[in-house]
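> Okay, predicted coordinates and the sequence, questions at the end:
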Amino acid sequence: MVRLDEISVQYPNGVRALRNCTTGFGKGEFIVLLGQSGAGKSTLLRCLNGLVRPTKGRVLTAAFGDISSPQALQAHRRRTGMIFQNHHLIGRLSVLKNVLTGRLGHHSSWRTLLPLPRADQQIALRAIDRVGLLEKTLTRVDELSGGQQQRVGVARALCQQPHLILADEPVASLDPATAAKVLESLRDICAKDGITAVVSLHQVELARRFADRIVGMSEGTIVADTTAAQLNERMIDQIYGTGPKTAPAKATERHADSDATESSEQQPAMEAML
Ligand SMILES: Nc1ncnc2c1ncn2[C@@H]1O[C@H](COP(=O)(O)OP(=O)(O)OP(=O)(O)O)[C@@H](O)[C@H]1O
């Protein structure tokens, strides 16, 4: 469904974040990326939706081919839902309006200046229903709990009718029980709809519980690629070295900032369209 072909990424500051990574993600697979902070998980996710351009190698999709061409990238992004640790929702808008932002990529820029069609509202309502938030449809997002907000993030991704969902530490800011519920709901919906999901996590236990497949990364390299059932201590040592099996508290403030920049730049345009 999507394939990374000998991908390397070197950032302008010289950091080599990915080194010759080759792997593929099949239709309907739920893949968890595991690795210490700095292993390259976010960079790999960003290559999968073209936010980071590989220095070397290609990202190939079954539907659109090599995403290095602008047309293929645009088509691929339209069908790729993103879920972030910090949700990236617009707090003062309702659940419905936030979820509807998932439809914007399906319209030309002039069309989005008008209210979105009824069909889009129905797709959004169905997505909200699937994550169990129908009774909160008109509630402001900043009045919801963290777990509910992340379910809005899932609904927004579903509203794109995606082939692929990329989730960068989607449950890192949630308590363990809520984290498990959010992942369970995401996994079940993806399995039912045949959506491929690539999810980075810091918790080995959650990876074991929810993943079909686990891809382990260390220093920009894929060091393990296994079914969840076959993940063993040797592989965990390869992924984490002698470090902890559950990674320490997050070191993603820099990403949160850069992701926030992306979304805050888009916010005024989004609000105008809704
Ligand atoms: N925009 C950037 N510019 C320069 N270096 C970067 C950039 N983004 C990431 N890096 C570096 O690339 C390497 C891989 O980072 P990446 O964010 O992909 O790792 P990660 O596994 O997602 O880490 P975390 O779990 O902390 O989010 C790190 O050394 C990081 O400092």
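The structure has been received and is ready for your questions.
> distance between the ends of stretch 226-238?
Taking C-alpha to C-alpha, to the nearest Å, stretch 226-238 runs 13 Å from one end to the other.
> What residues sit buried inside that stretch?
Under the neighbour-count criterion of 16 or more other C-beta atoms under 10 Å, stretch 226-238 has 228, 231, 235-236 buried. Using the backbone N, CA and C atoms, a C-beta is placed for each residue, glycine as well.
> Check those and tell me the two furthest apart.
228 and 236 (12.2 Å; C-beta to C-beta).
> returning to what we had before: can you lay out the buried residues of stretch 226-238 as TSV showing distance to residue 139 and secondary structure?
What follows is these, written out as TSV (distance: C-beta to C-beta, whole Å; DSSP: H, G, I helix; E, B strand; the rest coil):
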residue	distance to residue 139	secondary structure
228	35	helix
231	39	coil
235	43	helix
236	41	helix
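> between those residues, which is nearest the ligand?
Distance to the ligand, by C-beta to the nearest ligand atom, is smallest for residue 236 among the buried residues of stretch 226-238, at 15.7 Å.
> Roughly how far does the closest one sit from residue 223?
Distance from residue 236 to residue 223, counting by C-beta to C-beta, to the nearest Å: 10 Å.
> Overlap of the contact sets of the two?
residue 216 (C-beta atoms under 8 Å, 6 or more residues apart in numbering).
> picking up where we left off before, using TSV, lay out the buried residues of stretch 226-238 together with distance to the ligand.
Shown next, in TSV, are the buried residues of stretch 226-238 (distance: C-beta to the nearest ligand atom, whole Å):
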residue	distance to the ligand
228	19
231	18
235	17
236	16
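> which one among the residues you listed gets closest to residue 54?
Using C-beta to C-beta, residue 235 comes nearest to residue 54 of the buried residues of stretch 226-238, at 25.4 Å.
> could I have stretch 159-171 exported to PDB, CA atoms only?
What follows is stretch 159-171, C-alpha atoms only, in PDB (Å, rounded to 0.1, in the frame of the first residue of the first chain):
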ATOM      1  CA  CYS A 159     -13.400  12.400   7.900                       C
ATOM      2  CA  GLN A 160     -10.700  12.500   5.200                       C
ATOM      3  CA  GLN A 161     -11.800   9.000   4.300                       C
ATOM      4  CA  PRO A 162      -8.200   8.100   4.400                       C
ATOM      5  CA  HIS A 163      -6.300   5.100   3.000                       C
ATOM      6  CA  LEU A 164      -3.500   5.800   5.500                       C
ATOM      7  CA  ILE A 165      -3.400   7.200   9.000                       C
ATOM      8  CA  LEU A 166      -0.200   8.500  10.500                       C
ATOM      9  CA  ALA A 167      -0.200   9.000  14.300                       C
ATOM     10  CA  ASP A 168       2.800  10.600  16.000                       C
ATOM     11  CA  GLU A 169       2.700   9.600  19.700                       C
ATOM     12  CA  PRO A 170      -1.100  10.000  19.700                       C
ATOM     13  CA  VAL A 171      -1.500   8.800  23.400                       C
END
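> Helices along the stretch 1-150 of the chain, start to end?
41-48, 70-78, 95-100, 118-130, 146-159 (DSSP state H, counting those that start in this stretch).
> where are the low-confidence patches of this protein?
Applying pLDDT under 70 to the chain flags the ranges 106-116, 242-274.
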